[in-house]
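[1] pasting the sequence and the predicted coordinates here, then a few questions.
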Amino acid sequence: MIYPIYSIRDCVLDAFEPPFLALHDAAASRTFRNLIDDSDSPYHKNKADYSLWRVGTFDTVEGVVDCTAPVRLMSGFGGETDGKEV
């Protein structure tokens, strides 16, 4: 199975965080929204500093990671999917 790879970008640090896998964009977006909406999460206090990006795919059969140009899916302050590339 091929899973998309996602990463959260911190605009203050100008860096991406370690990646994670999800079944699809909607599942990754829900995970990201839950993180920024959780008052116990470190992302919650500075929501606008973070955005969710799709950065590639992982093939679980072949063990191959395919990196692609990062595509922004949503921002931490509630922005919708915009498909902006870095």
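    That came through, no problem. Residues are numbered from 1 along each chain as shown.
[2] what's the mean pLDDT across the longest strand along the chain?
    Secondary structure of the chain read by DSSP state E shows that its longest strand is strand 64-75. Mean pLDDT, computed over strand 64-75, is 96.
[3] so what does that strand touch, helix or strand wise?
    Packed against strand 64-75 by the contact rule (3 or more C-beta pairs under 8 Å, 6 or more residues apart in numbering; DSSP states H and E) you find strand 2-10, helix 25-37, strand 50-59, strand 84-85. Placement of C-beta: from N, CA and C, glycine included.
[4] any idea which of these scores lowest on pLDDT?
    Comparing mean pLDDT across the helices and strands packed on strand 64-75, the lowest value falls on strand 84-85: a mean of 53.
[5] for stretch 25-44, the distance to its chain's centre please.
    10 Å (C-alpha atoms, centre = their mean, to the nearest Å).
[6] how near is the residue nearest in space to the middle of the chain to residue 74?
    Geometric centre of the chain, nearest residue: residue 52, 3.1 Å, by C-alpha atoms, centre = their mean. Going from residue 52 to residue 74 by C-beta to C-beta, to the nearest Å gives 5 Å.
[7] circling back: how far away from the center of its chain is the longest strand of the chain?
    Offset of strand 64-75 from its chain centre (C-alpha atoms, centre = their mean): 8 Å.
[8] next: stretch 41-61.
    That offset, for stretch 41-61, works out to 2 Å (C-alpha atoms, centre = their mean).
[9] using TSV, please lay out the helices and strands packed on strand 64-75 together with distance to residue 18.
    Shown next, in TSV, are the helices and strands packed on strand 64-75 (distance: least, C-beta to C-beta, whole Å):
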stretch	distance to residue 18
strand 2-10	7
helix 25-37	14
strand 50-59	11
strand 84-85	21
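[10] partner residues bridging the residue nearest to residue 73 when sequence neighbours are not counted?
    The shortest distance from residue 73 to any non-neighbouring residue, by C-beta to C-beta, 6 or more residues apart in numbering, is to residue 52 (4.7 Å). Residue 52 forms beta bridges with residue 8, residue 74, as assigned by DSSP bridges.
[11] you'd agree residue 52 is up against residue 5?
    No - using C-beta atoms under 8 Å as the test, residue 52 is too far from residue 5 to be in contact (11.7 Å).
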